[in-house]
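Participant: Quick one: sequence and predicted model below, then my questions.
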Amino acid sequence: MKAILFGGSTSVGRQIGVECARRGKKFDLEMGGKSPLLVIKDANLKYAVDTACFGLFIHQGQICMAGSRIIVEEPVYDKFLEMFVAKTK
């Protein structure tokens, strides 16, 4: 085995990292990232809402690439939320 790839909890990732380091094994850890979508204050909100809906609902959210978290900067939060709710209805 050339490398260990792990996606999961931080506590298990830490254990895997320690063991890989002890053995000189390459590793890549994704610990709790959960596919965030960042919406910054100068974003195109229509595009951000469309992207968020696609990411959350593609294949009913049953794929590893499904967007699981949406992080919105405060200056555009209310408008984004209004548009997001309207689109999901």
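Facilitator: Structure's in. What do you need? Computed from a prediction, not measured in an experiment: that's the story for all the values here. Numbers count the residues shown, from 1 in each chain.
Participant: can we go C-alpha only for contacts and neighbour counts from here?
Facilitator: Fine.
Participant: Show me the contact partners of stretch 55-62.
Facilitator: Outside stretch 55-62, the residues within contact range by C-alpha atoms under 8 Å, 6 or more residues apart in numbering are 65-68.
Participant: Over to stretch 66-86?
Facilitator: 34-41, 45-46, 49, 52-53, 55-58, 61.
Participant: Now, those residues that are in helices?
Facilitator: 45-46, 49, 52-53, 55-57 (DSSP state H).
Participant: Can you tell me which of the residues you listed are buried?
Facilitator: Neighbour counting by 16 or more other C-alpha atoms under 10 Å classes 45, 49, 52-53, 55-56 among the ones in helices among the contacts of stretch 66-86 as buried.
Participant: and which of these is nearest D28?
Facilitator: G55 (23.7 Å; C-alpha to C-alpha).
Participant: As CSV, the contacts of stretch 55-62 with secondary structure would be great.
Facilitator: CSV is the format used below for the contacts of stretch 55-62 (DSSP: H, G, I helix; E, B strand; the rest coil):
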residue, secondary structure
M65, coil
A66, coil
G67, coil
S68, coil
